[in-house]
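*Asks:* Pasting the sequence and the predicted coordinates here, then a few questions.
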Amino acid sequence: MKSLGAMILQLEPMLDTQDLTAWENRFVANIVEISDHGRLTLKLSINQVARLEELYRKHFADAEPA
């Protein structure tokens, strides 16, 4: 799986699009802000990391090699 920073950078362009639900949009915006656009992922909680990974898999499952 990609690094957390790479996941954040891939999800960030989806902000304010119809690809994300309202909750997902708020979550991604918050994660982008907390992590300084994926550069400071150590600031994320275990729960935030788990949600981020779930969200990434939901939107980019086909992008990951089997």
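*Replies:* Ah, there it is.
*Asks:* and Ile8, what is it in contact with?
*Replies:* Val28, Ile31, Val32, Ser35, His37, Gly38, Thr41, Leu52 (CB atoms under 8 Å, 6 or more residues apart in numbering). Bear in mind the C-beta positions are built from the backbone N, C-alpha and C, glycine included.
*Asks:* For the first one, which non-adjacent residue is closest in space?
*Replies:* What that stands for is Val28. Spatial nearest neighbour of Val28, excluding adjacent residues (CB to CB, 6 or more residues apart in numbering): Leu11 at 5.1 Å.
*Asks:* which ones are touching that neighbour?
*Replies:* Contacts of Leu11 (CB under 8 Å, 6+ apart): Val28, Ile31, Val32, Leu52, Leu55, Tyr56, His59.
*Asks:* From Arg26, how far off is Ser3?
*Replies:* To Arg26, Ser3 is 23 Å away according to CB to CB, to the nearest Å.
*Asks:* So in this structure, which helix runs the longest?
*Replies:* In the chain, taking DSSP state H as the definition, the longest helix is helix 46-60.
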